[in-house]
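Undergrad: sequence and predicted structure below; questions after.
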Amino acid sequence: MKTHPSAAQIVSPTPGLVLTPESTGFSDVANAPKARATATPLPVADGGVIKMGLDGMTDAELQLFARTQNQKIADNPEFSEPAPTVADMADDIDEFSELKLQLEAAKLLVKQLTQAKNQSRNKLENRLRMRAAYVQLASNGNTDRILSAGFDVRDRARPVGELPAPELLQVELSDAIGQMELTWRPVEDARTYLVQQATVVDGQRSDWTLIKVSGKSRLTLSGMTVGRPYLFRVAAGGGRTGRSDWSAEVMRYAA
């Protein structure tokens, strides 16, 4: 009949560890389960690298992503001791979510307060206009009385005399065929500028033709006949006489 060794004779596969009935819970030590390693082996590396893209996420997307990832970690036996812990991550997500809600509520409040402020401003401006009308009437247009009521007075309009003729009229050719650029020095108090054009044929100048009334001191002309000479002059509109004298004439060949 085959006999089994005693507990003192049973040696664990782990060096230095002796298996006994007390340590194994088995009266028959020979039938006790053999010791085995508990560490989970790492999977084979295949070059996988985590993709994040956090900077491109909205707050709502980040909140959803964090909750989903934390839940997957919590339910995944392959990651038994995550860092940070599931609990710490959950606390951070809850804090972020709460602050996000508070910010959204604050934005709504700011919008409501801005609308209320604008309405209040319109009301106050209307009150001040009514007050100004009252002071204007009660002061009979007296400057000192108006100033004593806390209002400013407008500068008195100065009479505009005869406007001088525009100076430094220049006609330049542009890169486009048949195009010219006219510029001149602005005239103070001028309301508009009148630009006239004439052509020269067989040495004779044609009549002047008004080609533009402009509020700017520059003009671009297109469609000019290449090789033909053109004359230009400019006057400032406004002032006591309604129009200044004409500027010096400038001639330029179109190209």
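TA: Everything's here; your move. Quantities reported herein were computed from a predicted structural model and do not represent experimental measurements.
Undergrad: could you identify the helix or strand that succeeds the helix or strand harbouring residue 197?
TA: Counting by DSSP states H and E, the secondary-structure element that holds residue 197 is strand 192-201. Along the chain past strand 192-201, the next helix or strand (assigned with DSSP H and E) turns out to be strand 204-205.
Undergrad: helices or strands up against the strand holding residue 197?
TA: For strand 192-201, the helices and strands in contact under the criterion 3 or more C-beta pairs under 8 Å, 6 or more residues apart in numbering; DSSP states H and E are strand 209-214, strand 229-237. (C-beta placed from N, C-alpha, C; glycine too.)
Undergrad: Throw those into TSV and include mean neighbour count and distance to residue 182, thanks.
TA: Compiled in TSV, the helices and strands packed on strand 192-201 are given as follows (neighbours: other C-beta atoms under 10 Å; distance: least, C-beta to C-beta, whole Å):
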stretch	mean neighbour count	distance to residue 182
strand 209-214	12	9
strand 229-237	20	6
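Undergrad: convert the C-alpha atoms of the strand holding residue 197 to PDB, please.
TA: What follows is strand 192-201 as a C-alpha-only set of coordinates in PDB (Å, rounded to 0.1, in the frame of the first residue of the first chain):
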ATOM      1  CA  THR A 192     -17.500 117.800 -52.100                       C
ATOM      2  CA  TYR A 193     -15.000 117.900 -54.900                       C
ATOM      3  CA  LEU A 194     -15.900 118.500 -58.600                       C
ATOM      4  CA  VAL A 195     -13.700 116.900 -61.200                       C
ATOM      5  CA  GLN A 196     -13.700 118.000 -64.800                       C
ATOM      6  CA  GLN A 197     -12.000 116.400 -67.800                       C
ATOM      7  CA  ALA A 198     -11.100 117.500 -71.300                       C
ATOM      8  CA  THR A 199      -9.300 116.000 -74.300                       C
ATOM      9  CA  VAL A 200      -6.800 117.400 -76.800                       C
ATOM     10  CA  VAL A 201      -7.400 116.700 -80.500                       C
END
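Undergrad: use 40 as the first number from now on
TA: Done: numbering now begins at 40, and the last item shifts to strand 231-240.
Undergrad: what pairs with it, parallel or antiparallel?
TA: Looking at strand 231-240 with DSSP bridges, its paired strands and their directions are strand 243-244 (antiparallel), strand 248-253 (antiparallel), strand 268-276 (antiparallel).
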